[in-house]
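Give the three-dimensional model of this entry:
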Amino acid sequence: MSPPLADCTPLDRAALDAHPLPRVEGGDKDSRGQVLVIAGSRDVPGAALLAAHGAMRAGAGKLQIAAPDLIAVPLGIAMPEAKVVGHASHRDGGFARSALDEIGHMASRADAIVAGPGLESNHAAAPLAAILLASGKRLALDAALLHVLAQCAAEARAAAIPPILLPHAGELASLLGCDAAEVEADPLAAGRRCAAHYGANVLVKGVQSHVVAADGRAWLYAGGGPGLGVSGSGDVLAGITAGLLARGADPLAALLWGVWLHGEAGRALSKKVGPLGFLAREIAVEVPALLRETSPG
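Prediction:
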């Protein structure tokens, strides 16, 4: 059972107003930052595409994708807005360890990074997470990299900018070394343990989602509807959050806005399409209008 709402701040417009996004100044793409998406594998190539759409719909100016070379060309065709760089693949369809130096070089030139959607949790995953945590960049980690992050807890706590972690119950259980049932019994407490242990801003995904800052403050988002519980939805959320990071939002603001935009996009689609049946790729399309509606003036 979730803890009482009194232990959290509602994630609503008032909360967002207290954590505003950077103003849009001018029309230069460089002014809105470069986002690097590190995602995809032979078996789940579309995760990189979904995260990339989320990042660009959230207003990032420039997009690069680092992906296993097995999928780089079709990704580049599917996302012509991106520079897609293929890196050495392991036989499991994910990154080979030999790819890590080149990925780290790409990360050093980005303003913000989202890493993990669709990746394999193979022998390259933990070293990749360590490289990214040491990069000094705004960083959102998801999916495969969350399952190996326990090996990099010290690096997470030492990161110059607190990372954003985006786990569902199973991934949060991996982060804490506990059972998923324990997380589901008290998601807020689990989120606070995770935030404190990793020095991170943490989203605990669920029908109702909790956002927990590294200092233990918490917000509750009541949910955008059951239609958001669909394959690929989390990849879009990760991309939206990274796009806001690229624009210069601090990690907590980017996470709060990312969760709200993702949820409200689902709410809008439930009215247009129905409570169920819309696709993850459609979520990102709703984001620009939501951002326009919330822009000052």
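
burial count for S209?
24 (other CB atoms under 10 Å). C-beta: built from backbone N, CA, C; applies to glycine.

For the residue lying closest to it once chain neighbours are set aside, list the residues it contacts.
Nearest residue to S209, sequence neighbours excluded (CB to CB, 6 or more residues apart in numbering): Y221, at 4.7 Å. Contact partners of Y221, counting by CB atoms under 8 Å, 6 or more residues apart in numbering, are L11, Q208, S209, H210, V211, V259, W260, G263.

Can I get those in a markdown table including secondary structure and pLDDT?
A markdown table is the format used below for those (DSSP: H, G, I helix; E, B strand; the rest coil; pLDDT from 0 to 100):
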| residue | secondary structure | pLDDT |
| --- | --- | --- |
| L11 | coil | 97 |
| Q208 | coil | 90 |
| S209 | strand | 94 |
| H210 | strand | 96 |
| V211 | strand | 98 |
| V259 | helix | 98 |
| W260 | helix | 97 |
| G263 | helix | 96 |
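
V84 and A55, how far apart?
The gap separating V84 from A55 is 13 Å, by CB to CB, to the nearest Å.

who has more neighbours, the two?
Between V84 and A55, counted using other CB under 10 Å, the more crowded position is A55 (33 against 23).

Which residue is the nearest non-sequential neighbour of that one?
Nearest residue to A55, sequence neighbours excluded (CB to CB, 6+ apart): G243, at 3.7 Å.

correct me, but that neighbour touches L36?
No. Using CB atoms under 8 Å, G243 is not in contact with L36, being 11.4 Å away.

Of those two, which one has the most company?
Shown here are G243 and L36; by other CB under 10 Å, G243 has more neighbours (35 against 32).

which ones are touching the residue nearest to A55?
Contact analysis of G243 by CB under 8 Å, 6+ apart lists V35, G54, A55, M56, R57, A58, G59, A60, A112.

Help me confirm that it is found in a helix?
Yes. Secondary structure of G243 (DSSP: H, G, I helix; E, B strand; the rest coil): part of a helix.

Next one: it from V85, what distance?
Counting by CB to CB, the gap from G243 to V85 is 19 Å.

do P45 as well
From P45 to V85 the distance is 15 Å (CB to CB).

before we move on, the earlier item: residues that sit against both of G243 and L36, list them.
Common neighbours of G243 and L36 (CB under 8 Å, 6+ apart) are A112.

Please, which helix or strand holds E182?
helix 180-185 (DSSP states H and E).

Check which element follows that helix along the chain.
Taking DSSP H and E, what comes next after helix 180-185 is helix 187-198.

packing partners for that following helix?
Judged by 3 or more CB pairs under 8 Å, 6 or more residues apart in numbering; DSSP states H and E, helix 187-198 is in contact with helix 153-158, helix 169-176, strand 201-204, strand 209-212, strand 218-221.

Give me the buried positions along it.
P187, L188, A189, A190, G191, R192, R193, C194, A195, H197, Y198 (16 or more other CB atoms under 10 Å).

same question, stretch 115-124
Buried, per 16+ other CB under 10 Å, within stretch 115-124: A115, G116, P117, G118, L119, E120, S121, N122, A124.

starting at the chain centroid, how far to that stretch?
Relative to its chain's centre, stretch 115-124 lies at 14 Å (CA atoms, centre = their mean, to the nearest Å).

Which residues outside that stretch are in contact with it?
37-41, 44-48, 50-51, 90, 92-97, 99-100, 125, 128-129, 132, 139-148, 234-235, 238-239.

What's the ChimeraX line that selects buried ones from the residues you listed?
In ChimeraX, a selection of the buried entries from the contacts of stretch 115-124 looks like this (16+ other CB under 10 Å):
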select :37,38,39,40,41,44,45,46,47,48,50,51,90,92,93,94,95,96,99,100,125,128,129,132,139,140,141,142,143,144,145,146,147,148,234,235,238,239
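
Please flag which of the contacts of stretch 115-124 sit within helices.
46-48, 50-51, 100, 125, 128-129, 132, 144-148, 234-235, 238-239 (DSSP state H).

OK, contacts around the residue most central in space within the chain?
Nearest residue to the geometric centre of the chain (CA atoms, centre = their mean): A238, 2.2 Å. Applying CB under 8 Å, 6+ apart, we find A238 in contact with A51, G54, V114, G116, P117, A140, D142, A143, L166.
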